[in-house]
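Novice: can't give you the sequence, but here's the structure:
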């Protein structure tokens, strides 16, 4: 089985891929496990089947990247520093979604959060380091699956916690984000059909954007349906907090 590191660093897969995300309640995991068991394997890193990520997202003062996502603008970019806690490796990552919704990801290993190569950002995005500010930190756990049958990867992200560097924090307790990353749609479609049998359908979701929503209690009208779905999954949160919907 390939190592976690080799999968994370697989350039051919990190380039020109598509992604679909699904929002599920943790109670669905046993049924989901039955679907995955015949064709997928969990892979381990540092003797653990849980990968732990710590990610800092950057944006401009005016939240240009956030606004591009909300407006559905293509191409669009996300810039982040991600630390893979199992291995302690840290990368500056630039993720671009092009006009076909294909994902390109560029990565540069770094040794310090404070030392960032501004030329790397300029070479792979339309932003300058001088214009960027750290906006939110997202920590979460991931169980990653690979398959010798399907040409795709599958991730389950959970224990998702947000911090905005101003003493505001929030954690999703019941929500699990299921990600399917694929280069061959015909393979992914088989999985989509299996998930549909469980009542699981794709959602328009961004950890970064919805982290801002959770911390600020404001949701753009474009995501009202997705946010309602999250509130339904996070019933404890729904009962204890009112969310304003912006037009």
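Specialist: Cool, got the structure. A quick note: this is a predicted structure, and the numbers were derived from the prediction, not measured. Numbers count the residues shown, from 1 in each chain.
Novice: what residues does the top helix by length along the chain touch?
Specialist: Assignment by DSSP state H gives helix 185-197 as the longest helix of the chain. For helix 185-197, contacts defined as CB atoms under 8 Å, 6 or more residues apart in numbering pick out 18, 20, 22, 32, 35, 150-152, 154, 178, 180, 182, 201-202. Where C-beta positions appear, they are placed from N, C-alpha and C, glycine not excepted.
Novice: what's the first helix or strand after that helix?
Specialist: strand 202-203 (DSSP states H and E).
Novice: just want the most central residue of this structure.
Specialist: residue 207 (5.2 Å; CA atoms, centre = their mean).
Novice: ok, now which ones touch it?
Specialist: Per CB under 8 Å, 6+ apart, neighbours of residue 207: 55, 138, 140, 157, 160, 177.
Novice: ok, now residue 66?
Specialist: 59, 135, 208, 209, 212.
Novice: switch the residues you listed over to a markdown table; also include pLDDT.
Specialist: As requested, these are exported to a markdown table (pLDDT from 0 to 100):
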| residue | pLDDT |
| --- | --- |
| 59 | 96 |
| 135 | 95 |
| 208 | 94 |
| 209 | 91 |
| 212 | 87 |
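Novice: what about those residues, which are in strands?
Specialist: 59, 135 (DSSP state E).
Novice: closest to residue 74 among the contacts of residue 66?
Specialist: residue 209 (15.1 Å; CB to CB).
Novice: so that closest one versus residue 103, what's the distance?
Specialist: 16 Å (CB to CB, to the nearest Å).
Novice: can you check residue 45 too?
Specialist: Relative to residue 103, residue 45 is positioned 22 Å away (CB to CB).
Novice: more neighbours, the two?
Specialist: More neighbours surround residue 45 than the other of residue 45 and residue 103, with 20 against 17 (other CB atoms under 10 Å).
Novice: and that one, how far is that from residue 185?
Specialist: Counting by CB to CB - residue 45 and residue 185 are separated by 28 Å.
Novice: and for residue 79?
Specialist: From residue 79 to residue 185 the distance is 28 Å (CB to CB).
Novice: looking at these two, which one has more neighbours?
Specialist: residue 79 (23 against 12).
Novice: that one: what secondary structure?
Specialist: strand (DSSP: H, G, I helix; E, B strand; the rest coil).
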